[in-house]
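1. Could you work out the structure for the sequence below:
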Amino acid sequence: MATIEIPEDPEQLEAWVKEREAEQKKQTEEISRIAKDIQKDLAEEQEVRAKYAELAKRRKQRENERDRIKQQAKAEELAVIQAKRKLQTFKSEVAINQQLKEEAARFDEITQRHKWREFAFNHQLEGARRLATAKRGILGDKRGLGKSLTSLIWADMLNAQKVIIFAPKDVLLNFKREIENWTPHRHVGVISGMPKFQRDMFLSMLKHESQFLILINYEAWRRDKALLESLKELRADTVIIDEAHNIKEKKTSAYQGIRDIVYAVNQCNQCGGTTEKYTHYVTQTRRTRCSQCLSEPETFKDFCSVKNVLPMTGTAILNKPQDLWTLLNLVDRELFPSEQYFLQDYCHYDMYTNRWSFRYGGEEALIKRLGSRFVKRDKNSAGVKFKKQQHVEHRIEFDRGLYPDQWRVMQEIAKYGAIRMAEDVKLDVVGILPELTRRRQAITWPQGIKVWEVDGEGRKTGNILYEAPATESIKMDKLIELSKEIINEDEDRLVIFSQFKEALKEIERRFNELGISVVRYDGDTSDAKAQEAQLDFDGKIAPNHPRYSDCNPECKGWGEPCLGYKYQVICAHYKKGGVGLNLNAARQMIKLDREWNPGKEDQADGRIDRIDNTQDSIVHTIHVEGTIDAFMDSLIAEKANVINGFEDTHDMFEKMLSALKDGDLM
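-> Residues are numbered from 1 along each chain as shown. Next up, the predicted model:
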């Protein structure tokens with residue numbers, strides 16, 4: 001507050017007082033006026049606030065109404081999309097059924113002079129007709145029903161001219177033999193293994209050919225993206241994808257490369273000319289048109305040269321429904337545009353198991369929607385009478401006295417596993433896989449097992465805590481004993497499967513010591529040796545019975561005297577030889593250990609159980625009681641797939657983890 005000076009002179013003081021009183025009166029009047037203005041402002045403010053509240057309330061109501069309409073519109077949009085897809089499927093199925101009746105005779109007329117007409121089974125012809133009517137579909141026949149020949153019949157019925165077949169590298173040469181045997185009118189070239197310069201020259205020549213059929217493996221363009229562009233420029237009209245479950249992951253280069261080829265915008269549907277990009281003079285947007293007739297596509301498929309697509313697999317779903325989506329997307333990108341739509345339409349999500357699975361009736365709805373674009377038969381529904389395959393389990397008790405070194409290894413592995421389980425280490429499926437694998441290897445063939453020190457995040461530190469010295473195995477001895485009976489007494493040839501390369505090497509060594517001819521078929525096998533083994537065990541090529549052929553005793557072919565084949569035994573790794581091969585020149589199989597995935601194990605069993613078998617087959621499984629073999633049997637029985645993600649129930653994971661911690665698994 002400011003200090004006010006009061007005059008001392010009486011005359012001045014009286015005048016000052018009057019002046020101050022007059023000033024106070026003015027101030028009072030000013031305060032009164034300001035107070036009235038404040039009251040007026042307050043009244044206006046209250047009025048504005050009331051109006052604002054009303055406006056805010058109205059705005060909120062409008063926002064709610066907008067959100068409601070947006071949600072409704074979104075739901076309706078999704079419903080319309082689903083309805084359109086259903087309508088499209090319905091129309092497609094009606095059209096396909098009608099076309100099937102009309103075109104069956106035409107298909108037969110086109111192919112009446114083809115060689116496979118003399119040998120094809122009825123189910124192969126019927127499946128090829130249905131798929132040829134649809135042009136794009138999935139062949140899901142179970143193993144052994146002759147999917148390779150069905151696909152070749154399908155291509156012939158469509159009068160396919162430019163064909164690309166994708167397959168795993170291991171089965172390319174086997175597929176090549178199938179083509180040469182069943183469709184000799186087609187000339188086939190195998191791209192894989194060619195030097196880059198030679199491959200580029202070959203593909204450049206094919207651009208000017210009106211007909212071709214080439215085989216190429218999935219991994220071919222992993223390090224050479226230019227190869228994809230060369231394949232697009234071939235302007236193929238037909239694509240066959242063998243063992244299509246290998247492209248189940250949408251993020252892999254294998255799936256993305258095949259998708260880019262199948263949907264490559266590379267040919268005008270009107271004049272067959274090449275395509276080009278241009279900028280529209282009005283909209284200034286980038287568009288595609290034919291460089292010759294300048295026509296533009298009405299739909300995205302109009303400018304795609306590939307019209308016929310056939311993924312083939314007997315195990316379309318190995319772990320989860322998502323495995324199937326990539327194949328569906330290659331067949332029909334409009335009906336199955338995204339994995340999200342696919343899951344919404346046919347599946348439900350379980351938050352407790354953290355996985356997707358088909359909802360009730362989902363698989364049936366999907367099959368119905370696909371209609372003729374999906375052919376899936378087993379031997380019963382196909383009306384095919386296979387020779388019988390007998391499964392024999394050899395259950396043996398572990399003898400600690402006879403196998404002390406192996407028992408010590410099993411104890412050491414369990415001890416280090418228990419220590420790790422007790423540590424504060426993040427344990428998930430990936431974390432416990434090494435523990436399970438080491439226990440399985442210990443009972444199969446323990447030599448070479450290493451236990452690495454890991455940090456708190458589960459990463460190896462580089463220090464080896466333990467390395468197994470044992471060179472004995474109860475399973476290995478049982479296998480050799482059983483093999484000698486099969487080869488010497490039954491006079492049969494033999495296929496052996498294992499997941500462990502060291503075990504396969506030991507089997508090879510022991511057979512060589514016994515004078516039994518053997519070939520190892522794993523990731524270390526050269527391409528030349530692999531092809532030799534395939535030919536030697538293919539029932540259509542190598543004679544099987546009698547053991548000694550009737551050819552000239554002076555024959556210098558495979559051996560002296562001529563056996564008609566070179567190897568008595570093939571030792572195969574599940575991953576290398578479990579699919580796509582015909583090993584049915586052998587009648588018996590021994591599984592030293594079981595495949596993690598039941599679907600893949602069934603595929604392995606099918607290597608000696610083929611559609612053209614002339615004899616029954618026997619599959620032997622060696623099982624050691626009281627070890628991890630028993631636990632793995634229960635996991636496989638419940639369709640557990642540990643290696644590829646263990647997508648089954650949370651309870652199964654907890655059960656497995658508990659058994660490891662308690663030391664129940666040896």
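
2. which regions of the stretch 151-300 of the chain lie under the pLDDT threshold?
-> Scanning the stretch 151-300 of the chain for pLDDT under 70 picks out 270, 280-284, 291, 295, 297-300.

3. residue ranges of the helices in it, please?
-> Per DSSP state H, counting those that start in this stretch, the stretch 151-300 of the chain carries helices over the ranges 172-182, 196-206, 226-233, 253-262.

4. got JSON lines for those, with distance to residue 219 and mean neighbour count too?
-> Where you see a C-beta, it was placed from the backbone N, CA and C, and this is true even at glycine. Listed next are the helices of the stretch 151-300 of the chain as JSON lines, based on distance: least, Cβ to Cβ, whole Å; neighbours: other Cβ atoms under 10 Å:
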{"stretch": "helix 172-182", "distance to residue 219": "11", "mean neighbour count": "19"}
{"stretch": "helix 196-206", "distance to residue 219": "14", "mean neighbour count": "14"}
{"stretch": "helix 226-233", "distance to residue 219": "11", "mean neighbour count": "17"}
{"stretch": "helix 253-262", "distance to residue 219": "7", "mean neighbour count": "20"}
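
5. Pipe these into JSON lines and attach distance to residue 470 per row.
-> JSON lines is the format used below for the helices of the stretch 151-300 of the chain (distance: least, Cβ to Cβ, whole Å):
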{"stretch": "helix 172-182", "distance to residue 470": "37"}
{"stretch": "helix 196-206", "distance to residue 470": "46"}
{"stretch": "helix 226-233", "distance to residue 470": "46"}
{"stretch": "helix 253-262", "distance to residue 470": "39"}
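
6. Could you work out which of these reaches nearest to residue 480?
-> For those, proximity to residue 480 was assessed by Cβ to Cβ; helix 172-182 is nearest, at 28.8 Å.

7. any residues touching that closest one, and which ones?
-> 115-116, 119, 148-149, 152, 165, 167, 186, 188, 190, 192, 213, 215-217, 242, 530-531, 534-535, 538, 540-541, 580-582 (Cβ atoms under 8 Å, 6 or more residues apart in numbering).

8. ok, now stretch 531-539?
-> By Cβ under 8 Å, 6+ apart, the list of residues contacting stretch 531-539 reads 173-174, 177, 493, 495, 519, 521, 525, 541-542, 565-567, 570, 581-586, 610, 612-614.

9. one step back: quick one: closest of the helices of the stretch 151-300 of the chain to residue 76.
-> helix 253-262 (30.4 Å).

10. ok, now which ones touch residue 322?
-> Residue 322 touches 248, 339, 342-343, 356, counting by Cβ under 8 Å, 6+ apart.

11. cool, and residue 625?
-> Here residue 625 is in contact with 395-398 (Cβ under 8 Å, 6+ apart).

12. Residue 524 and residue 440, how far apart?
-> 20 Å (Cβ to Cβ, to the nearest Å).

13. and if you look at residue 148?
-> Counting by Cβ to Cβ - residue 148 and residue 440 are separated by 33 Å.

14. Which one of those two is surrounded by more residues?
-> Set residue 148 next to residue 440 and count neighbours by other Cβ atoms under 10 Å: residue 148 wins out with 24 against 20.

15. SS state for the more buried one?
-> helix (DSSP: H, G, I helix; E, B strand; the rest coil).

16. Relative to residue 135, how far out is it?
-> Counting by Cβ to Cβ, the gap from residue 148 to residue 135 is 19 Å.

17. Same question for residue 200.
-> Distance from residue 200 to residue 135, by Cβ to Cβ: 31 Å.

18. since we're on residue 434, how many residues are nearby?
-> Counted with other Cβ under 10 Å, residue 434 comes out at 16.

19. Make sure it is indeed in a helix.
-> Yes - the assignment for residue 434 (three-state DSSP) places it in a helix.

20. Run through the stretch 551-666 of the chain and note the low-pLDDT ranges.
-> 551-564, 612-614, 635, 637-666.

21. and with 50 instead?
-> 551-562, 640-654 (pLDDT under 50).

22. Mind splitting the protein into its structural domains?
-> 107-264+306-375, 265-304, 474-625 (automatic domain parsing).

23. which residue is nearest the centroid of the protein?
-> residue 248 (2.1 Å; Cα atoms, centre = their mean).

24. Quick check: which element contains the closest residue to that residue other than its chain neighbours?
-> Excluding the flanking residues, the one nearest residue 248 by Cβ to Cβ, 6 or more residues apart in numbering is residue 323, at 4.0 Å. Residue 323 belongs to helix 322-331 when assigned by DSSP states H and E.

25. from the contacts of helix 172-182, which would you call buried?
-> 116, 148-149, 152, 165, 167, 186, 188, 190, 192, 213, 215-217, 242, 530-531, 534-535, 538, 580-582 (16 or more other Cβ atoms under 10 Å).

26. Could you list which of these belong to strands?
-> Assigned to strands by DSSP state E, the following of the buried ones among the contacts of helix 172-182 qualify: 165, 167, 188, 190, 213, 215-217.

27. Just name the closest of those residues to residue 470, please.
-> residue 217 (38.0 Å).

28. what's near enough to touch the nearest residue to that closest one once chain neighbours are set aside?
-> Excluding its sequence neighbours, the residue lying closest to residue 217 (Cβ to Cβ, 6+ apart) is residue 169, at 3.9 Å. Residue 169 sits next to 192, 217-219 when contact means Cβ under 8 Å, 6+ apart.

29. where's residue 64 relative to residue 50, distance?
-> 21 Å.

30. if we can go back for a sec, quick one: the contacts of residue 169 as JSON lines, columns for distance to residue 387 too.
-> Below are the contacts of residue 169 laid out as JSON lines (distance: Cβ to Cβ, whole Å):
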{"residue": "192", "distance to residue 387": "33"}
{"residue": "217", "distance to residue 387": "32"}
{"residue": "218", "distance to residue 387": "32"}
{"residue": "219", "distance to residue 387": "35"}
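
31. Greatest separation within those residues: which pair is it?
-> 192 and 218 (9.7 Å).

32. burial measure for residue 286, as a count.
-> Count around residue 286 with other Cβ under 10 Å applied: 9.

33. was I right about it contacting residue 276?
-> No - Residue 286 lies out of contact with residue 276 (Cβ atoms under 8 Å); the separation is 10.8 Å.

34. quick one, phi psi at residue 498?
-> phi -150, psi 160 (degrees, to the nearest 10).

35. Touching, it and residue 577? I think so.
-> No - judged on Cβ under 8 Å, residue 498 makes no contact with residue 577 at a distance of 10.4 Å.

36. Moving C-terminal from the helix or strand containing residue 37, which element do we reach first?
-> Using DSSP H and E, residue 37 falls within helix 10-110. Next helix or strand after helix 10-110 toward the C-terminus (DSSP H and E): helix 122-134.

37. Remind me what that next one packs against, helices and strands.
-> helix 10-110, helix 147-157, strand 374-375 (3 or more Cβ pairs under 8 Å, 6 or more residues apart in numbering; DSSP states H and E).

38. name the helices or strands packed onto the following helix or strand past the shortest one?
-> Right, strand 374-375. Using DSSP H and E, the next helix or strand after strand 374-375 towards the C-terminus is strand 389-397. Applying 3+ Cβ pairs under 8 Å, 6+ apart, one finds that strand 389-397 contacts helix 474-484, strand 617-625.

39. Relative to residue 225, which of these is closest?
-> strand 617-625 (42.6 Å).

40. That closest one pairs with which strands, parallel or anti?
-> Strand 617-625 pairs in its sheet with strand 389-397 (parallel), strand 588-591 (parallel), by DSSP bridges.

41. Following element in sequence after it, please.
-> helix 628-637.

42. Show me which positions of that following helix end up buried.
-> Within helix 628-637, the residues that count as buried by 16+ other Cβ under 10 Å are 628-629, 631-632, 635-636.

43. My guess is residue 156 contacts residue 184. True?
-> No - applying Cβ under 8 Å, one finds residue 156 not in contact with residue 184, separated by 11.8 Å.

44. Okay then, goodbye and thanks.
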